[in-house]
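*Asks:* make a model of this:
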Amino acid sequence: MAIRERKGRVGAIPEGGMADIAFLLLVFFLVTTTIDMDKGLGIILPAEGQELEINKKKYFKLPN
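*Replies:* Numbers count the residues shown, from 1 in each chain. Prediction:
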């Protein structure tokens, strides 16, 4: 009985499926990610025509 040599298998990763997996992961993370919308600054603006006096001691003027 003769002993046969095993032929070595070359391991390869199928590249066609990699693009599919990357695309599915991209879609998954786009769908499941929550995006926080900025609410803006909490400033209450005066009504139109209403004037407010500004305390000028708090602010200084930069020289030109």
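*Asks:* geometric centre of the protein: which residue is closest?
*Replies:* The centre of the chain sits closest to I35, judged by CA atoms, centre = their mean, with a distance of 7.8 Å.
*Asks:* quick one: pLDDT of M1?
*Replies:* If you check M1, the pLDDT there is 60.
*Asks:* low-scoring stretches of the protein, by residue?
*Replies:* Along the chain, segments meeting pLDDT under 70 span 1-2, 13-14.
*Asks:* can you give me the helices in it?
*Replies:* Under the criterion DSSP state H, the chain contains helices at 15-32.
*Asks:* which residues of it fall in strands?
*Replies:* Ranges of strands within the chain: none, based on DSSP state E.
*Asks:* quick one, what contacts the residue nearest to the centre of the chain?
*Replies:* Residues in contact with I35 (CB atoms under 8 Å, 6 or more residues apart in numbering): none are found. C-betas here are computed from N, CA, C, even on glycine.
*Asks:* so how far is G42 from it?
*Replies:* Here I35 is placed at a distance of 21 Å from G42 (CB to CB, to the nearest Å).
*Asks:* from I3, how far out is the residue nearest to the centre of the chain?
*Replies:* From I35 to I3 the distance is 64 Å (CB to CB).
*Asks:* over to K57?
*Replies:* From K57 across to I3, the span is 100 Å (CB to CB).
*Asks:* then F29?
*Replies:* Distance, F29 to I3, using CB to CB: 52 Å.
*Asks:* looking only at neighbour counts, state which of the two leads.
*Replies:* F29 (9 against 4; other CB atoms under 10 Å).
*Asks:* mind listing what the more buried one touches?
*Replies:* By CB under 8 Å, 6+ apart, the contact set of F29 is empty.
*Asks:* begin at 44 from here
*Replies:* Got it, first residue is 44 now, which makes that one F72.
*Asks:* tell me how far it lies from E58.
*Replies:* Relative to E58, F72 is positioned 22 Å away (CB to CB).
*Asks:* one more: G83?
*Replies:* Separation of G83 from E58 (CB to CB): 47 Å.
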